[in-house]
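J.: Below is the structure, and that's it, no one-letter string:
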Ligand code: RIB
Ligand code: CA
């Protein structure tokens with residue numbers, strides 16, 4: 001049984017999703033973070049699945065945390081999903097024990113606002129899916145921008161995308177919401193593909209995980225084997241741990257080197273919709289608004305990942 005009652009208060013906004021699942025397990029196991037709520041977005045799979053997955057994942061970890069179900073679609077574009085990457089159920093078609101608890105009656109924006117009030121300016125958000133819920137919270141409760149200490153975002157890229165040549169999936173899936181979040185004035189750390197594509201674990205690491213004598217690690221290994229199969233079909237020999245790496249950075253920001261840069265999101269382009277436009281050279285003259293992660297220490301990430309996963313018993 002994991003005691004998740006110490007550390008900095010965070011809400012995880014996610015779209016589980018295999019890597020979201022590992023990210024949730026890492027956050028729950030860390031004594032640096034206290035997960036006070038989880039909100040789910042439509043992303044890798046429809047929100048019915050992401051919400052149900054989040055609840056089952058939290059219970060598998062032995063925790064009781066409010067899980068809220070977000071909007072079924074992005075703010076103003078067509079829904080995009082990624083079943084080919086994460087499986088039909090979103091977690092590699094791995095079966096988890098049926099949930100005992102229920103999804104919260106509260107919408108994400110209600111939960112996030114309430115938790116922000118409770119935490120008196122100390123609440124942080126770790127966002128590992130499309131940013132629909134965060135943008136909705138900003139729209140309904142504009143004052144929230146002064147109550148969130150930092151948002152750690154898995155999303156975007158200074159370089160090329162992974163859903164389109166220009167755009168990373170989380171941003172592409174709801175570019176308008178992402179643009180609103182990046183413009184919110186809330187301090188942001190962006191862990192884009194520039195670092196998360198290099199946050200790799202390999203089959204040996206998955207075998208090690210499978211050997212940990214706890215159900216969380218064993219189910220995680222099954223999910224990662226699915227994920228590895230997808231990456232291998234693209235000629236990769238490892239899996240990019242996009243969301244777990246973002247949680248790791250929230251736990252230990254020294255895992256990355258960042259630059260404070262101006263970032264906005266393309267919301268109109270035929271070929272560039274969802275592109276995070278990162279002003280690397282400061283040519284826009286616009287005030288930097290994001291700490292963009294550009295270099296990482298993957299060895300220390302993998303060590304932290306394994307230490308957290310083995311702590312499940
Ligand atoms: O581009 C990677 C991101 O898209 C990850 O968060 C993954 O879970 C998917 O949501
Ligand atoms: Ca995700």
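T.: The structure has been received and is ready for your questions. Model, not experiment: these values are computed from the prediction. Ligands and ions are numbered 1, 2, ... in the order given.

J.: all helices of this protein, in order?
T.: In chain order, the chain shows helices spanning 18-29, 47-60, 83-86, 108-118, 132-140, 169-173, 175-182, 193-196, 203-211, 215-232, 242-251, 298-310, with DSSP state H as the criterion.

J.: Considering the ones you listed, which stretch scores lowest in mean pLDDT?
T.: Set side by side, the helices of the chain give their lowest mean pLDDT on helix 83-86, at a mean of 90.

J.: buried ones in it?
T.: 85, 86 (16 or more other CB atoms under 10 Å). C-beta coordinates here come from the backbone N, C-alpha and C atoms, glycine included.

J.: any residue of that helix up close to ligand 2?
T.: No. Against ligand 2, helix 83-86 shows no contacts by CB under 5 Å from the ion, the least distance being 8.5 Å.

J.: Point out the other helices and strands that that helix packs with.
T.: Applying 3 or more CB pairs under 8 Å, 6 or more residues apart in numbering; DSSP states H and E, we find helix 83-86 packed against helix 215-232.

J.: Please name every helix or strand in contact with the helix it packs on.
T.: Checked by 3+ CB pairs under 8 Å, 6+ apart, helix 215-232 has helix 18-29, helix 47-60, helix 83-86, helix 203-211, strand 238-240, helix 298-310 packed alongside it.

J.: Can you give the contact residues for the fourth one?
T.: This points to helix 203-211. 217-218, 220-222, 224-225, 228, 237, 239, 302, 306, 309 (CB atoms under 8 Å, 6 or more residues apart in numbering).

J.: so that helix versus helix 18-29, what angle?
T.: Taking axes from the mean of the first three to the mean of the last three CA atoms, to 10 degrees, one finds that helix 203-211 is oriented at 50 degrees with respect to helix 18-29.

J.: For the residue nearest to residue 230 when sequence neighbours are not counted, list the residues it contacts.
T.: Here the nearest residue to residue 230 in space, its sequence neighbours aside, is residue 85; by CB to CB, 6 or more residues apart in numbering that works out to 5.3 Å. Residue 85 makes contacts with 18, 44, 227, 230, as judged by CB under 8 Å, 6+ apart.

J.: okay, the residues you listed in a markdown table with distance to residue 36 and neighbour count next?
T.: Shown next, in a markdown table, are the contacts of residue 85 (distance: CB to CB, whole Å; neighbours: other CB atoms under 10 Å):
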| residue | distance to residue 36 | neighbour count |
| --- | --- | --- |
| 18 | 24 | 30 |
| 44 | 23 | 30 |
| 227 | 28 | 25 |
| 230 | 32 | 17 |
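
J.: Show me which residues of the stretch 201-313 of the chain are close to ligand 1?
T.: 242, 243 (CB under 6 Å from any ligand atom).

J.: Show me which residues of the stretch 201-313 of the chain are close to ligand 2?
T.: Applying CB under 5 Å from the ion, one finds that the stretch 201-313 of the chain approaches ligand 2 through residue 243.

J.: Where does the stretch 201-313 of the chain get nearest to ligand 2, residue-wise?
T.: Closest to ligand 2 within the stretch 201-313 of the chain is residue 243: 4.9 Å, counting by CB to the ion.

J.: Just to check, that residue is in contact with residue 17?
T.: Yes. Using CB atoms under 8 Å, residue 243 makes contact with residue 17 at a distance of 6.9 Å.
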